[in-house]
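1. Quick one, structure for this:
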Amino acid sequence: MNGTKDKVCKLRESLYGLKQASRQWNIELKSFLIENGFKQCRRDYSLFLRTENGKTCIILVYVDDLIITGDDEETIASMKSKLDSAFTIKDLGFLRYFLGIDIARGEGGTMINQRKYALDIVRDSGMEGCTPCTFPFPKGVKLSTETGELLEDPESYRRLVGRLLYLNMSRPDLFFSVQQLSQYLSCPRKPHMQAALHVVKYIKGTVDLGLFYPSNTDHTLSAYSDADWGSCIFSGRSLTGFCVFLGGALVSWKTKKKKVVSKSSCEAEFRSMSQTTSEIAWIVGLFEDLGQDFPLPVTLFCDNKSAEYIAHNPALHDRTKHLKLDCYYIRDNIEDGTITTCHVKSSLQLADILTKSLPAHQHWFISSKLGLATLSQVQLEGGGGV
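-> Below is the predicted model of the structure:
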């Protein structure tokens, strides 16, 4: 302040552009919802629930964009009115488009995809006239931090990979490819950009793909866990992946490079199973908050019998004495009846698509099992479509 020493301006209200704006907005919105009878979900702080007389109203928050749903029509209408009085909102009606995601609904189920977002990526990359590829990542390609010329404009690579990361929201078939590309953001080279453009070519031919959630699916949870042992040629670390299904609908998936080096493929698979068990526990708890109970145990599919034996047999000390205690989290969940393990053939391991590059026929086979389809396929095969 001019003419005043040792004093600063006091912020009386949150303004866009300030670092503390998002935090102040979150505090204000949270206080408002709690005052109106909502409870913040402990397993997902962006989720707010209100249950009265057996009816539920759910509000999902992303910054200042809100999704309101549930079976309590009176509460939904009342909350829209109160939110408008407090913050001045714009009601967009039934959910059709949210944060770049298209939502189509019908009697057969719900389809989500990011067609417009994918087309923008293809256009901005200058690949509109290219020939589409049938798989997202060239099989056998090993990218390196040292091979190839440095890119003159590394920001173009970083922007592209950043956009591909968001496309993963509805495209689990891209997860492995994007994970590989995201490792080289600090010092991208021409081979990295060529691999990224190969992914864009694949997207060009699959812009209509999205996840289909059938309305008549069973309310049972199942999960697939897989690991690619020592896949990183520089660090020797393994790549793990899992996918969790609610009936026949994919609800969670992830690919991640482990922070430690596994001494065997069995150990890598065991660590992946432990990570998958943590995800299962979180999903079960989240659905409990939503008032949905699932029959236990949850089936965890794995294609490594040795890892299954270790999970069930505490006597294999010589092979597992170097593992940290957190890896035995899976054994505790088996003993208390939360999960049970089941062997699956490698050819039917759905998490394979998250840990390695597959041949085109196997890639498309697993993609279909994950629920990836086009709107026309759902209309033809789903009985009424969306």
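2. Shouldn't residue 116 be within a strand?
-> No. Counting by DSSP: H, G, I helix; E, B strand; the rest coil, residue 116 is not found in a strand; it is helix.
3. What does the pLDDT read for it?
-> Listed pLDDT for residue 116 reads 92.
4. One more: the one 3 residues further on?
-> Listed pLDDT for residue 119 reads 93.
5. go on, residue 324?
-> pLDDT, read off for residue 324, is 60.
6. And stretch 118-138, what's buried?
-> Under the neighbour-count criterion of 16 or more other Cβ atoms under 10 Å, stretch 118-138 has 118, 121-122, 125, 127, 133, 135-137 buried. Quick note: C-beta positions are derived from backbone N, CA and C, even for glycine.
7. Please save the CA atoms from it in PDB.
-> What follows is stretch 118-138, C-alpha atoms only, in PDB (Å, rounded to 0.1, in the frame of the first residue of the first chain):
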ATOM      1  CA  ALA A 118      -9.800 -37.300 -29.300                       C
ATOM      2  CA  LEU A 119     -10.500 -35.600 -32.600                       C
ATOM      3  CA  ASP A 120      -9.000 -32.400 -31.200                       C
ATOM      4  CA  ILE A 121      -5.800 -34.300 -30.400                       C
ATOM      5  CA  VAL A 122      -5.600 -35.800 -33.900                       C
ATOM      6  CA  ARG A 123      -6.200 -32.400 -35.600                       C
ATOM      7  CA  ASP A 124      -3.800 -30.400 -33.400                       C
ATOM      8  CA  SER A 125      -1.100 -33.100 -34.000                       C
ATOM      9  CA  GLY A 126      -1.500 -32.600 -37.800                       C
ATOM     10  CA  MET A 127      -2.400 -36.300 -38.300                       C
ATOM     11  CA  GLU A 128      -5.800 -35.900 -39.900                       C
ATOM     12  CA  GLY A 129      -4.700 -37.400 -43.200                       C
ATOM     13  CA  CYS A 130      -2.600 -40.200 -41.800                       C
ATOM     14  CA  THR A 131      -3.300 -43.900 -42.100                       C
ATOM     15  CA  PRO A 132      -4.800 -45.300 -38.800                       C
ATOM     16  CA  CYS A 133      -2.900 -48.000 -36.900                       C
ATOM     17  CA  THR A 134      -4.500 -51.100 -35.500                       C
ATOM     18  CA  PHE A 135      -2.700 -51.100 -32.200                       C
ATOM     19  CA  PRO A 136      -1.500 -48.200 -30.000                       C
ATOM     20  CA  PHE A 137       2.100 -49.100 -29.300                       C
ATOM     21  CA  PRO A 138       4.600 -50.900 -31.600                       C
END
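8. hmm, who's touching that stretch?
-> Identification of contacts with stretch 118-138 by Cβ atoms under 8 Å, 6 or more residues apart in numbering yields 160, 163-164, 167, 173-174, 176-177, 180, 195, 197-207, 357-360, 363-364.
9. In strands, which of the residues you listed appear?
-> Using DSSP state E, no member of the contacts of stretch 118-138 sits in strands.
10. of those residues, buried ones?
-> Among the contacts of stretch 118-138, those buried by neighbour count (16+ other Cβ under 10 Å) are 160, 163-164, 167, 173-174, 176-177, 180, 195, 197-204, 206-207, 357-358, 363-364.
11. before we move on, back to that, looking at the buried residues of stretch 118-138, which is nearest residue 236?
-> residue 137 (20.7 Å; Cβ to Cβ).
12. Identify the residues contacting residue 297.
-> Going by Cβ under 8 Å, 6+ apart, residue 297 touches 334, 337-340.
13. so what's residue 297 closest to, chain neighbours aside?
-> Closest residue to residue 297 apart from its sequence neighbours, by Cβ to Cβ, 6 or more residues apart in numbering: residue 340 at 4.1 Å.
14. mind listing what the helix or strand encompassing that neighbour pairs with, with the direction of each?
-> For residue 340, the element it lies in under DSSP states H and E is strand 339-343. Sheet pairing for strand 339-343, assigned by DSSP bridges, gives strand 298-302 (parallel).
15. What are the boundaries of the helices in the chain?
-> In the chain, the segments counted as helices under DSSP state H are 21-35, 73-87, 115-124, 154-167, 175-181, 190-204, 265-289, 305-312, 317-320, 329-335, 360-369, 375-381.
16. Tell me which of these sits most buried.
-> Comparing the helices of the chain by mean neighbour count (mean count of other Cβ atoms under 10 Å), helix 175-181 comes out on top with a mean of 23.
17. Residues contacting that one, please?
-> Contacts to helix 175-181, defined as Cβ under 8 Å, 6+ apart, come from residues 136-137, 143, 161, 164-165, 167-168, 192, 195-196, 199, 202, 239, 241, 253-257, 353-357.
18. Could you count how many residues lie near residue 355?
-> 26 (other Cβ atoms under 10 Å).
19. do the same with residue 219
-> Each residue near residue 219 was counted by other Cβ under 10 Å, and the total is 11.
20. Surely it and residue 247 touch.
-> Yes. Judged on Cβ atoms under 8 Å, residue 219 makes contact with residue 247 at a distance of 6.5 Å.
21. so where's the stretch 151-300 of the chain uncertain?
-> Judged by pLDDT under 70, the stretch 151-300 of the chain has its weakly predicted residues at 230-235.
22. Run a quick neighbour tally on residue 103.
-> Using other Cβ under 10 Å: residue 103 sits among 16 other residues.
23. Now for it: which residues touch it?
-> Residues in contact with residue 103 (Cβ under 8 Å, 6+ apart) are 95-97, 110-112.
24. make it 7 Å
-> For residue 103, the contacting residues are 95-97, 110, 112, by Cβ atoms under 7 Å, 6 or more residues apart in numbering.
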